[in-house]
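Visitor: Please find the sequence and the predicted model below.
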Amino acid sequence: MECPYCHHIETKVTDSRDTGTLSIRRRRECLKCCKRFTTYEYIELTPIYVKKKDGRLEKFNRNKIKNGLIKALEKRPINHEKIDEILNKIEEKIRRTGKEEIESKTIGEYVMEALKKIDQVAYIRFASVYRSFADVSSFEEEIKNLSKKMW
């Protein structure tokens, strides 16, 4: 593993943790500069393709989901570990379908379902982009629906 600081190729693993069923978190230390960094190892599984709205197929990229979660949860009281936990659960749910193709709409619904459980503001932020709210009344309708489900 190459050190991201000095680019030396020899490092040692100081700690390993299972982060779920799909990845392992490793703390590493460079043997040259002694700086520490974290890497994640993911199990290589059969590739999954995402069917976009226009019919194109795109290789599944968990970083796209992560970036959406980070944007929705920006300035909210949710830490990065929780984001990774949500991301792992969503990816696991996708893989459990056993299908090689999944619609982007389904992934969006999984993300909204997860956000609804942890932060209503993040849920509305994500929904506004995902559902392409056209005006204020769209926001109001989604908030009413969210309030009904909460009570």
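Guide: Yes, it's here.

Visitor: tell me the domain ranges of this structure?
Guide: Domain ranges of the chain: 1-44, 46-150, per automatic domain parsing.

Visitor: weakest of those by average pLDDT?
Guide: Among these, domain 46-150 carries the lowest mean pLDDT, a mean of 85.

Visitor: Off-centre distance for that one?
Guide: Taking C-alpha atoms, centre = their mean, to the nearest Å, the mean C-alpha location of domain 46-150 is offset from the chain mean by 8 Å.

Visitor: picking up where we left off before, reformat the domains of the chain as a markdown table; add mean neighbour count.
Guide: Any C-beta I mention is one placed from the backbone N, CA and C, and that applies to glycine too. What follows is the domains of the chain, written out as a markdown table (neighbours: other C-beta atoms under 10 Å):
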| stretch | mean neighbour count |
| --- | --- |
| domain 1-44 | 13 |
| domain 46-150 | 14 |
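
Visitor: ok, residue 51 touching residue 100?
Guide: No: with contact defined as C-beta atoms under 8 Å, residue 51 does not count as touching residue 100 (10.5 Å).

Visitor: can you tell me which helix in the protein is longest?
Guide: When the chain is scanned for its longest helix (criterion: DSSP state H), the result is helix 80-96.

Visitor: what's near enough to touch residue 45?
Guide: residue 95 (C-beta atoms under 8 Å, 6 or more residues apart in numbering).

Visitor: Paired strands for the helix or strand hosting residue 58, with orientation please.
Guide: Element membership of residue 58 [criterion: DSSP states H and E] is strand 57-59. Partner strands and pairing direction for strand 57-59 (DSSP bridges) are strand 49-51 (antiparallel).

Visitor: contact partners of the partner strand?
Guide: 57-61, 100-104, 107.

Visitor: Fine by me, thanks again.
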